[in-house]
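Undergrad: Turn this into a structure:
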Amino acid sequence: PAAAPAAKEIPPEPIKDEAELRTKAFRAVVKDDTAALAEVVVDRVPCSVWSQWQNKAGKDLLTLSEERGSSAAYSLLAKALGLLKERKRESFEEREAVWVLFNGEVQPRRATVLEDTPPESDDILVEFWDGDEPASKVDRNLVLKACS
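TA: Numbers count the residues shown, from 1 in each chain. As a prediction, this is how the structure comes out:
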């Protein structure tokens, strides 16, 4: 069988005011302004185009957001690029072993879930393995299932 002729790549359509939009996007990243950034990268310019943009220092939007500590802009860009995914909400069963991660702490704490908790619940009742503190509810975003 004869090989099919190679398809010619069609260059992307030029974007009206691309230079202006590019400048707006970089300024929005520096200011951590997600509304202005989304207007460019979500609403007006395809990901394949804006992900290739670089400033005069050779930095792309994602790298610049990291360097400037623009966490909201980083989150928006990383989601658009498929780098971040929302964690699936899981149910927890009574007597299940879990890890609880607290902000500012390096080491997670082991705990036991004290009641069945559906995925819709925002808090989980746990009892920590260390210390004498009473059972307490913790934000589900801080809780990870322990390997069994």
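
Undergrad: mind listing what Val30 touches?
TA: Residues in contact with Val30 (Cβ atoms under 8 Å, 6 or more residues apart in numbering) are Leu64, Arg68, Ser70. Using the backbone N, CA and C atoms, a C-beta is placed for each residue, glycine as well.

Undergrad: Neighbours of the second one, how many?
TA: When you say that, I think you mean Arg68. Arg68: 15 surrounding residues under other Cβ atoms under 10 Å.

Undergrad: Can you give me the pLDDT of it?
TA: Looking at Arg68, its pLDDT reads 94.

Undergrad: Once you drop chain neighbours, what's closest to it?
TA: Val30 (5.7 Å; Cβ to Cβ, 6 or more residues apart in numbering).

Undergrad: Tell me if that neighbour really is in a strand.
TA: No: with DSSP: H, G, I helix; E, B strand; the rest coil as the criterion, Val30 is helix rather than part of a strand.

Undergrad: Distance-wise, check it relative to Leu81.
TA: Per Cβ to Cβ, to the nearest Å, Val30 is found 19 Å from Leu81.

Undergrad: Please name the residues that touch the residue nearest the centre of the chain.
TA: Nearest residue to the geometric centre of the chain (Cα atoms, centre = their mean): Leu84, 3.8 Å. The contact partners of Leu84, taken as Cβ under 8 Å, 6+ apart, are Ser75, Ala78.

Undergrad: go on, Phe128?
TA: Here Phe128 is in contact with Val100, Arg109, Arg110, Ala111 (criterion: Cβ under 8 Å, 6+ apart).

Undergrad: Let me have the contacts of Val30 in JSON lines, extended by distance to Trp53 and secondary structure.
TA: Compiled in JSON lines, the contacts of Val30 are given as follows (distance: Cβ to Cβ, whole Å; DSSP: H, G, I helix; E, B strand; the rest coil):
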{"residue": "Leu64", "distance to Trp53": "10", "secondary structure": "helix"}
{"residue": "Arg68", "distance to Trp53": "16", "secondary structure": "helix"}
{"residue": "Ser70", "distance to Trp53": "15", "secondary structure": "coil"}
